[in-house]
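Visitor: One predicted model, sequence on top.
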Amino acid sequence: MATTDHRPAIPDATIQQKYAEERHKRLRPDGVAQFLNLATSDKFKYLREDPWVDHAALNAQTPPLKNGDEIKFLVQGAGYGGLMLAVNLIEAGFKAEDIRLVDEAGGFGGTWYWNRYPGLMCDTESYTYMPFLEETGYMPRFRYSYGSELREHADRIAEKWGLTDKTLFRTNCHHYMWDDAEKRWIVHGTENRGPAEGNREIQLKAQYVLVVPGFLGFPHIARLPGFDKFRGEHFHTARWNYDITGGNPTHWNMEKLKDKTVGIVGTGATAIQAIPQLGNWAKHLYVFQRTPSSVDERGQHPTDPNEWANKIASKKGWQYARSKNFLSQFTMDTPIDEDQVNDRWCSTRSYCGFIGAPGIVSPDKTSEHVAALHSMDLERAERVRQRTTDVVKDPATAAKLKAWYPAWCKRPTFHDDYLPTFNKPNVTLVDTNGKGLDALTEEGVMANGTEYPLDVLVLSTGYSLFVENDSGSPVSRAGMTVVGRDGLSMDDKWIRQGSKTLHGVATHGFPNFFFTGPTQVALAVNFTHVLSALASHVAQILVEAERRVDQTERITIEVTEEGEDAYTAEVVKRATSFAGVGGCTPGYYNKEGQASATGPQEQAKEAQGNIWGEGPLKFEEFLNTWRAEGRLEGIEIKGNVM
Ligand SMILES: NC(=O)C1=CN([C@@H]2O[C@H](COP(=O)(O)OP(=O)(O)OC[C@H]3O[C@@H](n4cnc5c(N)ncnc54)[C@H](OP(=O)(O)O)[C@@H]3O)[C@@H](O)[C@H]2O)C=CC1
C-alpha cells in the first residue's frame, strides 16, 4: 500500500500536549462505575435475552445432553473459540463422540451470533481471521466478511467436524464442582427451552472442562439520569431490534426508519460500522460523540476468485503463513519485507503498544519505550486526521471527527463509508467535547445542554471488560462459579492472589480444567490466531498427558504452584510493554482511565493480570518451545502413570 509523507506539520511535543489535554477532558471520577452492567442489572434484563433463538426448532431436536449424563469433554462456548477447541481435540485424535459443547446462545458463532447490527463486518481481513478456511475449502465472499457470513462459517465448521448435533444451545452451565474421589467435574446447568417449555435444570459429570471466557460478553450502557422517562424506542447494538428499524441481519433495508429521527450514542468500532447504514435510512440521524474513533481507509471489495486460487490460497499452509505474516507487521523493529495482507492495519504498527511486541522493555526504560511508540505512531495519526479533512466537507465537522490519541489507546477503525456519511444532509454530528450525554428526557436526549427529540435511540456504548466486583478470573467473566480441589473457589483464588495460570490456560487447584485466557495469554489484532494457538496447545497437553498413563479413566492433569508462579513471573517481566496504555484517553483498554493500584500488593496483582507483553508470535513461540521440551513442566499428572 503506497504511503505518502504525513509527518506532522506541528511539533511532536505540541501533539502530545494536545493528547494529554484531550485525555484530561475525559477523565471522570466514576471510571468503570459510569456503566450499568447488564449482566447484573434487573432493569435492562431484557437486553440479555436472545432475540435470534428459534425455540420451536431447537425443542424439536433430541438434546445432545440429558440430566445425569457423563461426558469426557465439556466445552463451554460455541463461538469460534469453542469450536476451535473442539476441532483441535478431534484433530489431536480424540473422538468427536466424546465432546459436547454448551452455549447460552441459540446457535453457533459467539460474538457473531449475538451481534447482528446492520453494517457488521470483520474488522480484520477475513482471509486471516476466519478459522479453518483451508480445511473447509471456503473462500470468503468479501475481503472483510460481513456478519452473516461469519456466523454461517461457524455452522460450516461445526458441520464439518460433526459438532452440530453435539452442542446444547440456550444453556448456561453456571456451577462446576470438582469431585476428587471420582475425578470428575459435577456441572449444574440451566437450559432455557423458551416460553412454551420453560427452564430445564441439568446435572452432568465431565472428565475435562474447557471454557472460552470471551472478552466482550456483557453489553453495558451509561448510567444516565432520566432513562426511565424516555418514551421513544431504544436498544443496544449487541441486540439490534429489527422490529423497530425494519430489515433483518442480512438485508439492512431499514424502511421503518424513513420517517424517524434516530440518535446513536457512541462512535467506537461498532458504531462506525452501523452509522453509515443508519444514515442511509433514517429521516434524520444524530450521532452523539464523546471520543472520535480514528477511521482509516478500509478498501473493501469482493474476493477475486482468480486471486484467491492463484495467489492467496495457492499453497498448502497459506492461511497460517498469511496470519503470521500479518502479525509480524506489529513490531517495534522493522516489520518483515513482504506484506501479504497490505492493508491499513499493516500501517498501524504502533498498535503493538496494546498487543505487545518482541523484546522485553526494562523497567527503567519505559519512558523511552513510550516515546518510541509515539514517534512510530505520529505519521499514521496525522495521515488519518488529514484523511478526515479530505473526506468530510464541513471543516468544523471534520475537526470534531479527528482522533487525538495514539493507535494503542482505542481499537483503530477502518471504514470506507463512515466519514462520507457526515456529508449527508440528514446526518448531524453532536460532539460533546469528551463529556457524553447529559441525560435522557421524555422526548429524547440532552447533550451540551440542548434537547434532541428522538424516536429511536441506539446505544453503541460497548461492553464491560472490567465489571465492578468482578474477581477477574476466567470464569467470573463467563458468569460461572467454579469450585476446585479442597473447596477452593476460582474467584476467591483470583481475589487473593490475582491471575495465576500456566500459559493462561489452567491454574493450580483446578484439575482437568482449561480455559483460553483472558489474562496471561497474548492478544492479536486477528484474535483467532491466538485462539488457534491456545486450542492446539490445550489439545496437545491432553494428548501428551493421557499418553503418560496406562488408564486415563482417573487421570488428573493439574498445574503446580511452582509452575504457575514461574509462568506468572514471565508475564510480569513483560508487562512493561504496556507502559503506554495507562496514559491513554479513557476507554475499556485502560479501565476508563482509572488510576492504577497504589499499594504494592495491588500493583503486583495488576501486573499479573496482564497479557503477554511480547505479542502473539513470541507467545506462540514460547508455547511451542515449552511443548518441544517434552517435560510438561509445571504440570503434574496423576493416575496410573507408566
Ligand atoms: N471484529 C470486528 O469486526 C469488530 C470488533 N469490535 C470489537 O468490539 C470492541 C468494542 O467496540 P464498541 O462496541 O464500539 O465499544 P467501545 O467501547 O469501543 O465504544 C463505546 C462507545 O460509546 C461511547 N460512550 C460510552 N458512554 C457514553 C456516554 N455516556 N455518552 C456518549 N458516548 C458514550 C464511547 O465513548 P468513549 O470512547 O469516550 O468512551 C465509545 O465511543 C472493539 O474495540 C472491537 O475490539 C467491534 C466491532 C466490530
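Guide: That came in fine, so what should we check first?
Visitor: List, one by one, the residues from the chain near the ligand.
Guide: Taking CB under 6 Å from any ligand atom as the contact definition, the chain meets the ligand at 26, 121-123, 216, 222, 265-271, 288, 290-291, 411, 436-437, 460-463, 587-588. Bear in mind the C-beta positions are built from the backbone N, C-alpha and C, glycine included.
Visitor: Show me which of those residues are buried.
Guide: 26, 121-123, 216, 222, 265-271, 288, 290-291, 411, 436-437, 460-463, 587-588 (16 or more other CB atoms under 10 Å).
Visitor: could you say what helices and strands the helix or strand harbouring residue 495 packs with?
Guide: Using DSSP states H and E, residue 495 maps to helix 490-497. Contacts defined by 3 or more CB pairs under 8 Å, 6 or more residues apart in numbering; DSSP states H and E place helix 490-497 against helix 474-477, strand 481-483.
Visitor: Need the residues that contact that helix.
Guide: Applying CB atoms under 8 Å, 6 or more residues apart in numbering, the contact partners of helix 490-497 are 471-476, 481-484, 500, 507, 509-510, 605.
Visitor: Tell me the first helix or strand C-terminal of that helix.
Guide: strand 513-515.
Visitor: which non-adjacent residue is nearest residue 192?
Guide: Take residue 192 and drop its neighbours on the chain: the residue closest to it by CB to CB, 6 or more residues apart in numbering is residue 170, 4.5 Å away.
Visitor: Tell me, what's the model's pLDDT at that neighbour?
Guide: Here the pLDDT value assigned to residue 170 is 97.
Visitor: One more: residue 435?
Guide: 95.
Visitor: how about the nearest residue to it once chain neighbours are set aside, what does it touch?
Guide: Spatially, and ignoring its direct neighbours in sequence, residue 435 is nearest to residue 290 (6.8 Å; CB to CB, 6+ apart). Residue 290 sits next to 26, 266, 267, 432, 434, 435, 436 when contact means CB under 8 Å, 6+ apart.
Visitor: the domain parsing of this structure - what is it?
Guide: Split into domains by automatic domain parsing, the chain comes to 1-218+297-410+464-642, 219-293+412-462.
Visitor: can you tell me which of the ones you listed the model trusts least?
Guide: domain 1-218+297-410+464-642 (a mean of 92).
Visitor: packing partners for the helix or strand harbouring residue 380?
Guide: According to DSSP H and E, residue 380 maps onto helix 366-391. Judged by 3+ CB pairs under 8 Å, 6+ apart, helix 366-391 is in contact with helix 12-26, strand 295-296, helix 352-355, helix 395-400, helix 418-421.
Visitor: is it true that residue 276 lies in a strand?
Guide: No - counting by DSSP: H, G, I helix; E, B strand; the rest coil, residue 276 is not part of a strand but helix.
Visitor: Which residue comes closest to it once chain neighbours are left out?
Guide: residue 417 (3.9 Å).
Visitor: now the closest residue to the ligand within the stretch 251-400 of the chain, nearest residue through space, not along the chain?
Guide: Nearest residue of the stretch 251-400 of the chain to the ligand, counting by CB to the nearest ligand atom: residue 268, 2.4 Å away. Closest residue in space to residue 268, ignoring its immediate chain neighbours: residue 462 at 5.7 Å, by CB to CB, 6+ apart.
Visitor: then stretch 146-153 to PDB, C-alphas only?
Guide: Extracted in PDB, the C-alpha atoms of stretch 146-153 (Å, rounded to 0.1, in the frame of the first residue of the first chain):
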ATOM      1  CA  TYR A 146     -20.000  -9.300   6.800                       C
ATOM      2  CA  GLY A 147     -21.600 -10.700  10.000                       C
ATOM      3  CA  SER A 148     -23.900 -13.300   8.500                       C
ATOM      4  CA  GLU A 149     -21.100 -14.900   6.600                       C
ATOM      5  CA  LEU A 150     -19.000 -15.000   9.700                       C
ATOM      6  CA  ARG A 151     -21.900 -16.700  11.500                       C
ATOM      7  CA  GLU A 152     -22.500 -19.100   8.700                       C
ATOM      8  CA  HIS A 153     -18.900 -20.100   8.800                       C
END
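Visitor: Going by residue numbers, what spans are strands in the stretch 501-642 of the chain?
Guide: Using DSSP state E, counting those that start in this stretch, the strands found in the stretch 501-642 of the chain span residues 513-515, 556-559, 635-638.
Visitor: still on that earlier bit, in TSV: the helices and strands packed on helix 490-497, plus distance to residue 491 and mean neighbour count.
Guide: Putting the helices and strands packed on helix 490-497 into TSV (distance: least, CB to CB, whole Å; neighbours: other CB atoms under 10 Å) gives the following:
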stretch	distance to residue 491	mean neighbour count
helix 474-477	5	25
strand 481-483	7	20
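Visitor: out of those, nearest to residue 578?
Guide: helix 474-477 (19.5 Å; CB to CB).
Visitor: how distant is that closest one from the center of its chain?
Guide: Here the centre of mass of C-alpha atoms in helix 474-477, compared against the chain's by CA atoms, centre = their mean, to the nearest Å, lies 14 Å away.
Visitor: now for it, which elements pack on it?
Guide: Against helix 474-477 (3+ CB pairs under 8 Å, 6+ apart) you get helix 490-497.
Visitor: Which positions in the helix it packs on come out as buried?
Guide: 490, 491, 493, 494, 495, 497.
Visitor: same check, this time on stretch 158-172
Guide: By neighbour count on 16+ other CB under 10 Å, the buried set for stretch 158-172 is 158, 160, 161, 163, 166, 167, 168, 169, 170, 171, 172.
Visitor: which one of those is nearest the ligand?
Guide: Nearest to the ligand out of the buried residues of stretch 158-172 is residue 158 (CB to the nearest ligand atom; 20.4 Å).
Visitor: Can you tell me the closest non-neighbouring residue to that closest one?
Guide: residue 164 (4.7 Å).
Visitor: can you check residue 148 too?
Guide: Closest to residue 148 by CB to CB, 6+ apart is residue 250, at 4.7 Å.
Visitor: Now do the same contact list for residue 180.
Guide: Contacts of residue 180 (CB under 8 Å, 6+ apart): residue 485.
Visitor: Quick check: it vs residue 73, distance?
Guide: 19 Å (CB to CB, to the nearest Å).
Visitor: Go through the strands of the stretch 501-642 of the chain and pick out the most buried.
Guide: Among the strands of the stretch 501-642 of the chain, ranked by average contacts under mean count of other CB atoms under 10 Å, first place goes to strand 513-515 (a mean of 27).
Visitor: which outside residues touch it?
Guide: For strand 513-515, using CB under 8 Å, 6+ apart, the contacting residues are 176, 178, 185, 208-213, 474-475, 482, 484, 504-507, 538, 541.
Visitor: Perfect, that will be all.
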